[in-house]
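A.B. asks: Okay, sequence plus prediction incoming.
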Amino acid sequence: MGRPVNRYDLIDSLRGVAIVWMTVFHFCFDLTYFHYLRQDFYNDPFWTWQRSAIVSLFLFCAGLGQAVAVDQQQSTRRFWKRWAQVAACALLVTAGSYFVFPKSFIYFGVLHGIALMLIVVRLTSGWGRWLWLAGAIAIALQFVALQVHAVWPVADFLDGRAWNWLGLIGRKPVTEDYVPLLPWLGVMWWGMAAGHWLLQRHRALLSHPLKGIAAPLAWMGRWSLSWYMLHQPLLFGLLLSLR
């Protein structure tokens with residue numbers, strides 16, 4: 001049995017910011033898909049950097065959430081129940097994206113990555129301050145991999161679908177969403193490290209209830225997985241109805 005589950009508004013509101021940002025980003029993407037806008041979401045830094053920032057915020061919040069779960073002695077059963085929900089939603093994303101984008105469907109996107117990273121982060125939750133270093137190494141390995149590919153052609157096998165979920169790639173795969181283990185595990189590790197630090201030294205900051213605009217953001221953050229799964233079908237349906 002774990003401790004009673006307490007929600008922290010600050011973490012939920014950060015997740016809510018990511019949800020709002022993601023929804024606006026995807027709405028703009030959908031407008032481009034239906035030819036209401038003309039934007040290059042695959043190459044324009046204005047959009048690619050936003051995508052990276054949104055994913056980073058989600059994964060950082062996931063790390064914060066795992067720090068809270070460990071602090072509250074979340075049961076193994078509860079962890080695997082939540083993990084199963086994320087994994088099941090990842091499979092639904094794969095199926096849905098194959099229907100819309102058969103040539104670039106999502107086979108290892110953000111939910112697939114989160115499902116794998118949750119296990120790793122849970123197993124390494126006791127690393128304490130070493131999580132900061134582990135995160136830095138995980139992020140740096142992406143750049144090391146690029147150099148390895150440049151001088152060692154045999155490493156091309158890491159670009160194949162059987163291995164590119166690791167992230168040690170020389171070229172990005174053709175897919176609508178790609179969030180491999182590296183470097184993104186580093187962001188979640190940093191989130192957990194930050195969560196441990198906040199819980200140890202600034203627990204009152206996390207416990208302080210938020211008001212004003214932060215309150216609805218916190219509410220949205222508590223339903224992040226449901227929002228993630230529903231927002232694109234709703235946006236697509238809305239734009240389809242206008243055609």
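C.D. replies: Structure's in. What do you need?

A.B. asks: Report the buried residues of the top helix by length along the chain.
C.D. replies: Taking DSSP state H as the criterion, the chain has its longest helix at helix 45-71. For helix 45-71, the neighbour count (16 or more other C-beta atoms under 10 Å) marks 47, 50-51, 54-71 as buried. In this view, the C-beta of every residue, glycine as well, is placed from N, C-alpha and C.

A.B. asks: Mind exporting the C-alpha coordinates of stretch 141-152 to PDB?
C.D. replies: Output of stretch 141-152 as PDB, limited to C-alpha atoms (Å, rounded to 0.1, in the frame of the first residue of the first chain):
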ATOM      1  CA  LEU A 141      25.000  10.600 -26.800                       C
ATOM      2  CA  GLN A 142      22.900  11.900 -29.600                       C
ATOM      3  CA  PHE A 143      25.700  14.100 -30.800                       C
ATOM      4  CA  VAL A 144      28.300  11.400 -30.300                       C
ATOM      5  CA  ALA A 145      26.100   9.100 -32.400                       C
ATOM      6  CA  LEU A 146      26.100  11.600 -35.300                       C
ATOM      7  CA  GLN A 147      29.900  11.700 -35.200                       C
ATOM      8  CA  VAL A 148      30.100   7.900 -35.200                       C
ATOM      9  CA  HIS A 149      27.800   7.600 -38.200                       C
ATOM     10  CA  ALA A 150      30.000  10.200 -40.000                       C
ATOM     11  CA  VAL A 151      33.200   8.100 -39.700                       C
ATOM     12  CA  TRP A 152      31.800   4.500 -39.300                       C
END
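
A.B. asks: Now do the buried residues in that stretch.
C.D. replies: Applying a neighbour-count criterion of 16+ other C-beta under 10 Å, the buried positions in stretch 141-152 are 141-142, 145, 149.
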